[in-house]
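Asks: Here you go, sequence then predicted model.
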Amino acid sequence: MTSPETAPDQRPSRRDGDVDVLVVGAGITGIYQLFRARQSGFSALLLEAGDGVGGTWFWNRYPGARFDSESYTYAYLFSKELFDEWRWQEHFAPQPEIERYLNHVVDRFDLRRHMRFDARVTSAAYDDSSGTWTVATSSGIEYRTRFLVTATGVLSVPYFPDVPGRRDFRGESYHTGLWPTKPVDFTNKRVAVIGTGSSGVQVIPAIAGEVASLTVYQRTANWCTPLNNAPITAEQQAQLRADFEAIREILNTSPSGFLHPVHDRKTFDDPTDERLAFFEKMWQSPGFSKLTSNYVDLTVDHAANALWCEFIAAKVRRLVKDPETAERLIPKDHRFAEKRPPFVTGYYETFNNPNVSLVALKETPIVRITEAGIETKDGVQEFDIIVWATGFDFGTGALARMGIRGRDNLSLEDHWRDGPTTFLGIFTTGFPNLFFPGGPHAAAGNNPRYNGDQVDFITEVLVHLRDHGYDTIEVDAAAEERWTKMIDAGAAMSPFGEISYYFGSNIPGKPRRYLLNSGGRPKLLKEIRRVFDNDYEAFALSRSADSSHSGDGSERGPHNPG
């Protein structure tokens, strides 16, 4: 294997596997980090466990998988030429188009030669004497890097519930987050789908017309509302390109990372008839606008939230013909947005098909998986295919499984035994030169926008270190504590409840700690400005013992406690 090629204005190529910046993960965030590192003159390499680019959009290729953020708001904004040349076909693109787009980006900016596929990271160890990381992969190849960026994402470790006999099933079994590249043939098959979260509610209507029978196993219902997808017309395509600069400005400054305008009224400001008309407008609106453009008190006033929930429940009762099924599809254990709200196309109507049935697991729990199918307390039902739509070990799942060892051989999983502690959702103390954009303590909203802010900041940090002769950066423990306390305090103000996987509630034994940043982009960007304004006081910057830079030792500014 050869080292990455360098541009004429960069330093000469290094020996194999020895780079300035090593990125892990070829999703939206990792690709952007590789681009920014190369653009800034660093030698860089990206490792990816799969055999293609896309991250979430490589592994989640199940039928019905698609964006629930508008395609052009999820896409990269760093190049107007890229924005102009790619024509998204739908407002909410399906997985195949997303994968094509990301491959186009990689080839358009000549990044593929700086990527290594089928290279799952099995360990990453920090050497204090040299200030470098040694990263081992499943292929048996090791890499040494000054800076390690783990862009592994928050939804990259599929979760299988501990159901007795799961491995005994002799039919076909798939997890939505580990879908095969070869399409699955559902034609005239008896199919079970376990789970009705964001992936389950997409796959269910997508396959219902192909199967002989479809049995849906639901643990808890979700407040599903229509995605309201549509093709992008020629006129809309032209308008998007004409408005690029304005779109980029809005998306780069919006707290949620969406184009959706914020409403100017509270729920009870409107009389009943006007409120119902507005709710109908929201029901017909695209995707997340039902959360971001709804009444401003929707997530903070329980009475206001209850009215919106009543409106949705009435819609479900009209859409689903069987009253008992309809009631089982209406949540009874949480308010709207206490969990991440899924957006659907034809989901409720699917249950009107005579070959589709619903099993409420709280009423009829699964006893075990058998060789032939699924046994509940009511007996065994045989299946040809079981689809596990059971979610992910959110936030920390991938990072805790990479064998990361920091200063003094401290393991990341031990450091985070009681839940993640971070600064800016990027750094954690005891792990110099480690960055994890898009990981725990990121923000709710349109993920690429927030993750892109983190990548841009990381790149500025790397350039600062290089330009000032430093090799190592480590966050001060006090800064980490301050940021983590803000995260924990903000959890009480978050619309998401502890029932949400944003608290790790779907993983048995996982600490119940909030895994997002309730302060969102405004808090992140404010703290980033503070880092620059106070000349990196939240960090220790040092030169490694074997550094060729003049001088030794480290510099640490006093912690800024504000």
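Replies: That came through, no problem. Numbering: from 1, shown residues only.
Asks: In this structure, where's the longest strand?
Replies: Assignment by DSSP state E gives strand 142-150 as the longest strand of the chain.
Asks: Give me the contacts around that one.
Replies: Contacts to strand 142-150, defined as C-beta atoms under 8 Å, 6 or more residues apart in numbering, come from residues 17-25, 30, 33, 37, 45, 47, 121, 124, 131-137, 398-399, 402, 404, 433-437, 439, 458, 462, 471. Every C-beta, even on glycine, is put in place using the N, C-alpha and C of the backbone.
Asks: what's the offset of that strand from the middle of its chain?
Replies: Taking C-alpha atoms, centre = their mean, to the nearest Å, one finds strand 142-150 lying 22 Å from the centre of the chain it belongs to.
Asks: Could you do stretch 54-69 as well?
Replies: Worked out by C-alpha atoms, centre = their mean, stretch 54-69 lies 11 Å from the chain centre.
Asks: same thing with stretch 410-420?
Replies: 21 Å.
Asks: Stretch 412-426 too?
Replies: On C-alpha atoms, centre = their mean, the centre of stretch 412-426 falls 17 Å from that of its chain.
Asks: So for it, mean pLDDT?
Replies: On average, the pLDDT along stretch 412-426 is 94.
Asks: Likewise for stretch 102-119?
Replies: The average pLDDT for stretch 102-119 rounds to 98.
Asks: ok, now stretch 141-153?
Replies: 96.
Asks: Buried residues, that stretch. List them.
Replies: In terms of neighbour count (16 or more other C-beta atoms under 10 Å), stretch 141-153 has its buried residues at 143, 144, 145, 146, 147, 148, 149, 150, 151, 152, 153.
Asks: ok, those residues vs residue 347, which is closest?
Replies: When these are compared for distance to residue 347 (C-beta to C-beta), residue 153 wins out at 25.2 Å.
Asks: immediately after the longest strand of the chain, which helix or strand?
Replies: strand 172-175 (DSSP states H and E).
Asks: mind listing the strands for the stretch 201-350 of the chain?
Replies: 213-218, 225-226, 343-344 (DSSP state E, counting those that start in this stretch).
Asks: on that earlier part again, kindly reformat the buried residues of stretch 141-153 as TSV containing distance to residue 197.
Replies: As requested, the buried residues of stretch 141-153 are arranged in TSV below (distance: C-beta to C-beta, whole Å):
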residue	distance to residue 197
143	36
144	40
145	36
146	39
147	35
148	31
149	29
150	25
151	24
152	20
153	17
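Asks: Which other helices and strands does whichever strand or helix holds residue 481 contact?
Replies: Assigned by DSSP H and E, residue 481 belongs to helix 477-491. Applying 3 or more C-beta pairs under 8 Å, 6 or more residues apart in numbering; DSSP states H and E, we find helix 477-491 packed against no helix or strand.
Asks: residues in contact with the closest residue to residue 500 other than its chain neighbours?
Replies: The shortest distance from residue 500 to any non-neighbouring residue, by C-beta to C-beta, 6 or more residues apart in numbering, is to residue 339 (4.8 Å). Residues in contact with residue 339 (C-beta under 8 Å, 6+ apart) are 222, 223, 496, 497, 499, 500, 501.
Asks: Tell me the pLDDT of residue 339.
Replies: 89.
Asks: do the same with residue 521
Replies: pLDDT, residue 521: 89.
Asks: That one against residue 447, yeah?
Replies: No. With contact defined as C-beta atoms under 8 Å, residue 521 does not reach residue 447; the gap is 11.1 Å.
Asks: what do these two both touch?
Replies: residue 257.
Asks: Now do the buried residues in the helix holding residue 481.
Replies: 479, 480, 482, 483, 484, 486, 487, 490, 491.
Asks: contacts for it?
Replies: 420-424, 427-429, 441, 503, 513-514, 516-519, 523, 527, 538-539, 559-561.
Asks: hey, C-alpha coordinates of it in PDB?
Replies: The C-alpha trace of helix 477-491 is given here as PDB (Å, rounded to 0.1, in the frame of the first residue of the first chain):
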ATOM      1  CA  ALA A 477     -10.500  18.800  32.500                       C
ATOM      2  CA  ALA A 478     -12.200  21.900  33.800                       C
ATOM      3  CA  ALA A 479     -13.400  22.900  30.300                       C
ATOM      4  CA  GLU A 480     -14.700  19.300  29.700                       C
ATOM      5  CA  GLU A 481     -16.500  19.400  33.100                       C
ATOM      6  CA  ARG A 482     -18.100  22.800  32.300                       C
ATOM      7  CA  TRP A 483     -19.400  21.700  28.900                       C
ATOM      8  CA  THR A 484     -20.700  18.400  30.200                       C
ATOM      9  CA  LYS A 485     -22.500  20.100  33.100                       C
ATOM     10  CA  MET A 486     -24.200  22.300  30.500                       C
ATOM     11  CA  ILE A 487     -25.200  19.200  28.600                       C
ATOM     12  CA  ASP A 488     -26.600  17.500  31.700                       C
ATOM     13  CA  ALA A 489     -28.400  20.700  32.800                       C
ATOM     14  CA  GLY A 490     -29.800  21.200  29.300                       C
ATOM     15  CA  ALA A 491     -31.300  17.700  29.300                       C
END
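Asks: after it, next one along is what?
Replies: Assignment by DSSP H and E places the next element after helix 477-491 at helix 520-533.
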